[in-house]
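Colleague: one predicted model, sequence on top.
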Amino acid sequence: MAENLLKINNLYVEYHANKGILGGKTTIHAVNGVSMEIHKGEILAIAGESGCGKSTLAKALIQLEPVKSGEIFFENKNTLTLQKYDLKEFRKKAQMVFQNPYASLNPKMKIIDILKEPLEINTDFTPEKIFETVKEKIKLVGLDESCLELYPHEFSGGQRQRIAIARALMLNPEFILADEPVSALDVSIQAQIINLIKELNKSLGLTFLLITHDISVIKYLADRVAVMYLGEIVETGKTEDIFTSPLHPYTKALLSSVPQINKSGKKIVLKGDLPSPAELPQGCKFHTRCPYVMEKCKTCIPEEKGFTHKVKCFLYE
Ligand code: SF4
């Protein structure tokens with residue numbers, strides 16, 4: 001059985017937002033009772049429509065979003081109760097690659113300084129050792145050390161994303177959260193970054209949590225997929241199982257909307273829009289749009305069933 005790097009128990013994340021001209025505050029229920037594991041050395045992708053809570057969940061895992069309740073275990077330690085030293089160690093081991101490499105690199109710093117910074121802050125390496133490590137990491141992402149004296153604006157989008165990945169690798173992390181890592185790039189360059197992520201996963205045994213709305217990227221990169229709807233994980237399984245035998249009606253609809261994957265051409269069109277996370281439906285959260293809705297779906301919440309392929313739906317009880 002695969003070893004867990006992260007284990008999440010019953011996680012909730014909420015925001016309080018202004019109601020607008022009416023005044024007062026409303027609660028946005030962004031993540032609603034998520035429990036799941038991320039195995040050591042795997043690429044786990046979270047799939048779901050924009051606004052389903054996948055980025056919020058990912059950021060909560062590395063403490064970029066405050067958690068309302070729940071537990072997050074990283075290497076068997078609850079990260080939400082870590083004290084100063086352990087928290088610093090956790091932050092070294094868990095790094096993030098952002099969507100937009102234009103915004104995530106400081107335009108006023110040379111690449112060498114961008115890459116040196118995490119080592120200068122977090123290690124007691126000598127300047128020589130720091131320089132050696134910078135050269136090693138820039139090579140690892142497929143760039144030449146001659147680029148170290150340049151500034152971010154002197155690179156293409158794909159090269160900048162390679163630099164952002166090199167920066168995430170500086171402290172030898174075990175876990176990388178990649179939030180839409182290719183969606184800001186030209187299609188012609190996306191494949192290079194996707195292949196780089198796959199290479200780093202294989203050669204370094206790095207664990208990735210991949211957040212993307214691009215189902216084709218998930219199919220190519222991920223070992224397992226978790227499908228998210230209104231802040232809940234509704235189906236989890238190996239990528240092959242999710243793509244060949246999706247169980248949850250939402251997963252089926254999501255996959256049917258991708259022409260490269262849906263060879264039958266029969267698209268499942270869901271009624272209505274994604275409900276507001278400020279007004280979550282009772283019962284199964286998908287019942288307002290589900291083509292198979294039953295009376296009990298409107299009031300009762302289905303439990304998760306299954307072992308390696310898990311689903312939350314009354315059709316499988
Ligand atoms: Fe549809 Fe009911 Fe299953 Fe929810 S529990 S996905 S409403 S059939």
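Modeller: Structure's in. What do you need?
Colleague: now the strands for the stretch 201-317 of the chain?
Modeller: Using DSSP state E, counting those that start in this stretch, the strands found in the stretch 201-317 of the chain span residues 207-211, 224-229, 232-238, 304-305, 310-312.
Colleague: export those to CSV and tack on mean neighbour count and mean pLDDT?
Modeller: Heads up, the C-betas are built off the backbone N, CA and C, glycines and all. CSV is the format used below for these (neighbours: other C-beta atoms under 10 Å; pLDDT from 0 to 100):
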stretch, mean neighbour count, mean pLDDT
strand 207-211, 25, 96
strand 224-229, 25, 97
strand 232-238, 24, 98
strand 304-305, 15, 96
strand 310-312, 22, 98
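Colleague: wait, what's in contact with the residue in the stretch 101-250 of the chain that the ligand sits nearest to?
Modeller: Of all residues in the stretch 101-250 of the chain, Pro249 sits closest to the ligand, at 4.7 Å by C-beta to the nearest ligand atom. Taking C-beta atoms under 8 Å, 6 or more residues apart in numbering as the criterion, Pro249 is in contact with 268, 286, 290-292, 313, 315.
Colleague: how far away is it from Leu105?
Modeller: Pro249 sits 42 Å away from Leu105, going by C-beta to C-beta, to the nearest Å.
Colleague: and what of Ala278?
Modeller: Distance, Ala278 to Leu105, using C-beta to C-beta: 35 Å.
Colleague: between these two, which has more neighbouring residues?
Modeller: Applying other C-beta atoms under 10 Å to Ala278 and Leu105 shows that Leu105 carries more neighbours, namely 21 against 13.
Colleague: okay, now the residue in the stretch 51-200 of the chain positioned nearest to the ligand: neighbour count?
Modeller: Residue of the stretch 51-200 of the chain nearest the ligand, by C-beta to the nearest ligand atom: Cys52 (14.5 Å). The local packing of Cys52 (other C-beta under 10 Å) involves 24 other residues.
Colleague: make sure it is indeed in a helix.
Modeller: No. Applying DSSP: H, G, I helix; E, B strand; the rest coil, one finds Cys52 to be coil, outside a helix.
Colleague: if I pick the closest residue to it other than its chain neighbours, what's in contact with it?
Modeller: In this structure, Cys52 finds its nearest non-sequential neighbour in Met228, 4.7 Å apart by C-beta to C-beta, 6 or more residues apart in numbering. Residues near Met228 by C-beta under 8 Å, 6+ apart: 34, 46-48, 52-54, 57, 234.
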